[in-house]
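K.L.:
The following comprises the amino acid sequence and a computationally predicted model.
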Amino acid sequence: MSCREPAQKEDLERFIYHEEGGLIYDLRQKAPGRGAYVHARRECLLGAAQKGGFSRGFKTKVQVDADTLIDDVCIGVYRRLQEGLRVALKSQKLFLGGTAVAEAVKSDQVALLLVARDASESTRHKFSSNAERKGIPVRQTLSGEELGALSGRAFVAVVAVAPSRCLARIRRDIDIKEHLESL
């Protein structure tokens with residue numbers, strides 16, 4: 001909407017407008033009503049908020065604080081990422097901890113490796129180099145505490161995601177989270 005660059009619906013974030021509630025971030029893209037779709041890129045969100053993109057999309061004056069909007073999207077994407085990882089865990093498509101991940105990598109069951117950004121240098125190097133040799137993408141977006149929260153542990157240094165229906169969404173949410181936090 002803001003950049004007007006063509007994209008698939010699943011690659012955009014949806015917002016709805018309600019007269020009493022104002023602009024609402026539709027995290028799961030299922031809320032009733034007219035939706036406006038925006039790339040989850042800082043420049044697109046800023047453009048929609050500051051340059052009238054939402055007002056054009058909803059055909060009414062929409063006032064929104066750009067910083068609050070970006071914070072809401074960051075929080076929402078992080079929550080959706082955590083939910084996606086929990087779904088993968090419940091469907092037995094997530095391997096937690098060094099031993100489980102090493103076995104999964106060895107048996108070619110891994111499509112994405114998450115190494116805690118605060119894991120030890122030796123752990124990061126060991127798992128990243130093994131994954132890269134096998135062509136497995138490695139991300140260091142979440143902390144060990146955040147990865148541990150998936151299973152009720154205090155800290156998990158490494159998590160592997162097997163090919164599954166939720167893998168694409170997990171990858172996308174990691175990309176969005178990294179992009180929004182890098183600026």
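P.N.:
The structure has been received and is ready for your questions.
K.L.:
mind giving me the domain split of the chain?
P.N.:
Domain assignment for the chain by automatic domain parsing gives 9-73, 94-163.
K.L.:
I'd like these as a markdown table, with mean neighbour count, distance to Gln82 and mean pLDDT appended.
P.N.:
Using the backbone N, CA and C atoms, a C-beta is placed for each residue, glycine as well. Formatted as a markdown table, these follow (neighbours: other Cβ atoms under 10 Å; distance: least, Cβ to Cβ, whole Å; pLDDT from 0 to 100):
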| stretch | mean neighbour count | distance to Gln82 | mean pLDDT |
| --- | --- | --- | --- |
| domain 9-73 | 16 | 12 | 92 |
| domain 94-163 | 17 | 7 | 97 |
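K.L.:
Hmm, Leu114 is touching Val161, no?
P.N.:
Yes. Using Cβ atoms under 8 Å, Leu114 is in contact with Val161, at 7.0 Å.
K.L.:
can you confirm Ala36 is in a strand?
P.N.:
Yes. According to DSSP: H, G, I helix; E, B strand; the rest coil, Ala36 belongs to a strand.
K.L.:
How much space separates the closest residue to it other than its chain neighbours from Asp71?
P.N.:
Closest residue to Ala36 apart from its sequence neighbours, by Cβ to Cβ, 6 or more residues apart in numbering: Gly57 at 3.5 Å. The spacing between Gly57 and Asp71, counted by Cβ to Cβ, to the nearest Å, is 21 Å.
K.L.:
before we move on, what about Leu12?
P.N.:
For Leu12 relative to Asp71 (Cβ to Cβ), the value is 19 Å.
K.L.:
isn't Glu43 right up against Cys3?
P.N.:
Yes. Counting by Cβ under 8 Å, Glu43 does reach Cys3; the two are 7.2 Å apart.
K.L.:
Report the secondary structure state of the closest residue to Asp26 other than its chain neighbours.
P.N.:
Closest residue to Asp26 apart from its sequence neighbours, by Cβ to Cβ, 6+ apart: Arg14 at 4.2 Å. Following three-state DSSP, Arg14 is assigned to strand.
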